[in-house]
Every structure is written in C-alpha cells, then in structure tokens.
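> Quick one, structure for this:
(one chain, ligands or ions: 1)
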Amino acid sequence: MVIPDAKSGIPMSFSVAMPDSALFPPNGHFPWKRLLKKLGTNTNGARINALLDSMRASSPTRRPAEGEDHGSWILHHPSALNMFEEIMSASKGKQIVVFLDYDGTLSPIVEDPDRAFITNEMREAVRDVSKFFPTAIVSGRCRAKVHDFVKLSELYYAGSHGMDIKGPSKGHRQKKGNQTVLCQPAREFLPIIDEVYRALIEKVKHIPGAKVENNRFCLSVHYRCVDEKKWVELADEVKLVIKDYPQLRLNHGRKVFEIRPTIKWDKGNAVEFLLESLGYADSNDVLPVYIGDDRTDEDAFRVLRQRGRGLGILVSKVPKETNASYSLQEPTEASYALPKAFSGVEEAKKMSLLRH
Ligand SMILES: O=P(O)(O)OC[C@H]1O[C@H](O[C@H]2O[C@H](CO)[C@@H](O)[C@H](O)[C@H]2O)[C@H](O)[C@@H](O)[C@@H]1O
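Residues are numbered from 1 along each chain as shown. Next up, the predicted model:
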C-alpha cells in the first residue's frame, strides 16, 4: 500500500503503473494527484515496470507525437537548415535575439555531465552569431559552469533553468541604461537547496554511478551511469529526501531527476525577462529565436508561440510533441545552421540597405 506523505502529498513509493504520457507530460511536472488516484489498482510489479519504462524513455525525452510518423512530423516542423527565406522575411525591420540551450543543443549528450564540452567549431559559430545579435545561453546548469564550458563573455547567461541571469561583460548591452542585468528570483531557496544537496549526496552515495550535481538554484540527480536494477532504489531515495521539502519540486529530464524551487519561474520567464531587459517587452520590433532539445525548453517555445512571434527550433532526431515550429536533428546541425542563416540575414539586410 502506498501512503501519501502528509506534508508534501507525494506518495511514499515511486512505484506506480501509468502510461508514459501520464507520468511525463510535456511540461515535465510530476502529476502527483492523478498518480495518487491510480494507486491501489495495480500490482507492485507492474508499477515498477512502468517507472522503469519511463526512466528508460527519458532520453530522448518525451513521447513521440501522437499519430505522426517522421515524415508528417517533419512537414509540420521543417528543418531549420532550410529556413533561410523564412528568417529573412520574418526578421524584416526587426532585431533578432538568439537564445540557446546548452546540453543536447550546443553540446552532445555524454555520460559524464562534467565532460559535456562544446566543440571549437560550435564556440566559433556562437561567437559569430553574437557579433550580430544579442545572444543568451539558457541552461539548467549552474551559470558559472555553463560559462566555463562556453567561455564567451559577450553572451547573456541564464543558468539554473533561468533562475540565475547575468548580462555580458562585453559586447551587446541592453537598451535600458547601463546597469548589468542580474536576475535571481530564487535567492531565498539557496540554504534549502544546499541542505538538500548534502542530504542527497549522502543518500545516494551507495548507488554506483549516481551523481548529484549542484546547479546552485536547483539540483540534478543523474542516473545515466546507474545500473537499471538500481533505478527504482535511486528514485525512492530522491523522493524520500525531497518529501520533507514542500518548497521544492521534482521534474524528470534526460536520465536525470531535477529538483527545483516551486516558484513559477522557468526558461520561458527567462526569455521574457531578457527581452524586457533588452528593451523589447511587448514589442513588434524583435524576432526571438530559441533553439533547444529538452522538455524544459518547451516553456520557452510556449512563450514565443504565445507572443505570436519568434521562432522555436527543436533539436531532435525523433518526432516529439513540441511547441517549436522548426527542427534540427543534432547539435552539429546547429553549428552549421547558426552562422549560415544569421550571417546570411545580415548580409542580405546590408545589400537591401545599399539598394535604397
Ligand atoms: O538546460 P540544459 O542546458 O539542457 O541542461 C539540462 C541538464 O543537462 C545536463 O544533463 C544532461 O546532459 C549530460 C551531459 O551530456 C548527461 O550526462 C545527462 O544525462 C543529461 O541529463 C546537466 O548535467 C544537468 O544538470 C542539467 O539539468
């Protein structure tokens, strides 16, 4: 029998049987309430299998788009490699602002999160783009760590899923005054995050391959290198720790559990904050372009869709439900597409200026 914890409402056992689509909806939040309803109707074995299936399916993330094969999905999400014309016409008279996710977008997914290096070619591509347009990296990682990987001081960096934003130390600056952009909406959670980080390290240290990453305003518990036989145990340990912290919530990323404050702040808010800082709140004079691969990037794609302007580009080899309009198959395509598309746009703009 699974009893919900009185304080957090989270079930005491992770082992439940539900279809992937119910366990991991596009927003990535655990549907605890629906999950509780289902409890009691399934055998324990089936519950464990369902959990394992969803953990296996978490990279690549999300379920395939329903009823769509690859062919029809690509028709609805054409390759960004062929979107030069569209960018050209969409960006007429507008400032392009570029937002880039890090893991799975600028760097390939690798086993060791500390070795997810960006290639020199990709770094140059990002540098080239940032010469023309304000450019931000929006990542689940700690801001300092992603800066260490990318090593470009002319960029905006939004770490901890957008909860830690800082402007560039050189290059593009926001229109609004000269103050350095800084936004940390989850500062009050720092002591709790630190406490939970230490507790998690202690709780999972006996599970070979488990890794707890401190992303400053949020935490990641990786299971990519954990033997599948230990996954349920790891999930239970994580849940046992966070059940005492109702101010924190648990999401599921690519072979990783992500723990973060319950505040309503995500990559979508980070995009809105940065556009506002750049002087483009509710403006028609801007074309935001966001490239990402993960469930958390959907929050940003959604914001662009809601604004009715902007281009969302999903990096994925497989069809997925997404709010993005375009697609790229893998990070190397991004390094090729970025400079080609954007420097092309600048060249074309210069040419049309000369003609007038
Ligand atoms: O928002 P992102 O920049 O995409 O960050 C999301 C998480 O990315 C990292 O984990 C993922 O990439 C690792 C390296 O390729 C891989 O080993 C892991 O399995 C993936 O989940 C990062 O380590 C996490 O902290 C981020 O939350």
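
> and the stretch 51-200 of the chain, which of its residues are near the ligand?
101-104, 109-111, 113, 116, 139-141 (Cβ under 6 Å from any ligand atom). C-beta coordinates here come from the backbone N, C-alpha and C atoms, glycine included.

> Any quick ChimeraX command for the buried ones out of those?
In ChimeraX, a selection of the buried entries from these looks like this (16 or more other Cβ atoms under 10 Å):
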select :101,102,103,104,109,113,116,139,140,141
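
> all helices in the stretch 1-150 of the chain, in order from the N-terminus.
Remark: helices assigned in the stretch 1-150 of the chain by DSSP state H, counting those that start in this stretch are 20-23, 32-38, 44-56, 70-76, 84-90, 120-132, 143-150.

> low-confidence ranges in the stretch 151-300 of the chain?
170-179 (pLDDT under 70).

> Do a quick rundown of the helices in it.
190-204, 231-242, 267-277, 298-307.

> Next, the angle from the longest one to helix 231-242.
Between helix 190-204 and helix 231-242, the angle comes out at 150 degrees (axes from the mean of the first three to the mean of the last three Cα atoms, to 10 degrees).

> what's helix 190-204 packed up against?
strand 211-214, strand 219-222, helix 231-242, strand 248-253, strand 256-261 (3 or more Cβ pairs under 8 Å, 6 or more residues apart in numbering; DSSP states H and E).

> Quick one: closest of those to residue 269.
strand 256-261 (12.5 Å; Cβ to Cβ).

> And the closest one, what does it pack against?
By 3+ Cβ pairs under 8 Å, 6+ apart, strand 256-261 packs against helix 190-204, strand 219-222, helix 231-242, strand 248-253.

> Partner strands of it and their direction?
Strand 256-261 sits in its sheet next to strand 219-222 (antiparallel), strand 248-253 (antiparallel), going by DSSP bridges.

> closest one to residue 259 among the helices and strands packed on strand 256-261?
Per Cβ to Cβ, nearest to residue 259 of the helices and strands packed on strand 256-261: strand 219-222, 4.4 Å.

> before we move on, the earlier item: would you turn the helices and strands packed on helix 190-204 into JSON lines with mean neighbour count and distance to residue 146?
Formatted as JSON lines, those follow (neighbours: other Cβ atoms under 10 Å; distance: least, Cβ to Cβ, whole Å):
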{"stretch": "strand 211-214", "mean neighbour count": "19", "distance to residue 146": "12"}
{"stretch": "strand 219-222", "mean neighbour count": "24", "distance to residue 146": "13"}
{"stretch": "helix 231-242", "mean neighbour count": "20", "distance to residue 146": "23"}
{"stretch": "strand 248-253", "mean neighbour count": "21", "distance to residue 146": "15"}
{"stretch": "strand 256-261", "mean neighbour count": "22", "distance to residue 146": "15"}
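
> Identify whichever of those lies nearest to residue 48.
helix 231-242 (5.6 Å).

> Can you tell me which helices and strands the closest one packs against?
helix 44-56, helix 190-204, strand 248-253, strand 256-261.

> Highest mean neighbour count out of the ones you listed?
Among those, strand 256-261 has the highest mean neighbour count (mean count of other Cβ atoms under 10 Å), at a mean of 22.

> Pull that one out as CSV, backbone CA atoms only.
C-alpha atoms of strand 256-261 as CSV (Å, rounded to 0.1, in the frame of the first residue of the first chain):
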residue,chain,number,x,y,z
VAL,A,256,18.2,12.9,-14.7
PHE,A,257,15.9,14.0,-11.8
GLU,A,258,15.8,17.7,-11.5
ILE,A,259,14.9,19.3,-8.1
ARG,A,260,14.0,23.0,-8.0
PRO,A,261,12.0,25.6,-6.1
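
> List the contacts of that strand.
For strand 256-261, the external contacting residues (Cβ atoms under 8 Å, 6 or more residues apart in numbering) are 58, 140, 160-161, 163, 186, 189, 192-193, 196, 200, 217-224, 235, 238, 242, 247-252, 296.

> mind redoing it with 6 Å?
186, 189, 218-222, 238, 242, 248, 250-251 (Cβ atoms under 6 Å, 6 or more residues apart in numbering).

> With distance to the ligand added, can I get the strands paired with strand 256-261 in JSON lines?
Formatted as JSON lines, the strands paired with strand 256-261 follow (distance: least, Cβ to the nearest ligand atom, whole Å):
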{"stretch": "strand 219-222", "distance to the ligand": "3"}
{"stretch": "strand 248-253", "distance to the ligand": "5"}
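
> Pipe the ones you listed into a markdown table and attach distance to residue 94 per row.
Shown next, in a markdown table, are those (distance: least, Cβ to Cβ, whole Å):
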| stretch | distance to residue 94 |
| --- | --- |
| strand 219-222 | 36 |
| strand 248-253 | 32 |
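
> how close does residue 310 sit to the ligand?
18 Å (Cβ to the nearest ligand atom, to the nearest Å).

> right, and that residue touches residue 288 too?
Yes: the pair residue 310 / residue 288 is scored as a contact, 4.0 Å apart, by Cβ atoms under 6 Å.

> Which residue of the two possesses the greater neighbour count?
residue 288 (26 against 23; other Cβ atoms under 10 Å).

> residue contacts, the closest residue to residue 266 other than its chain neighbours?
Spatial nearest neighbour of residue 266, excluding adjacent residues (Cβ to Cβ, 6 or more residues apart in numbering): residue 299 at 4.1 Å. By Cβ under 6 Å, 6+ apart, the contact set of residue 299 is 266-268.

> redo that, cut-off 8 Å
Per Cβ under 8 Å, 6+ apart, neighbours of residue 299: 27, 266-269.
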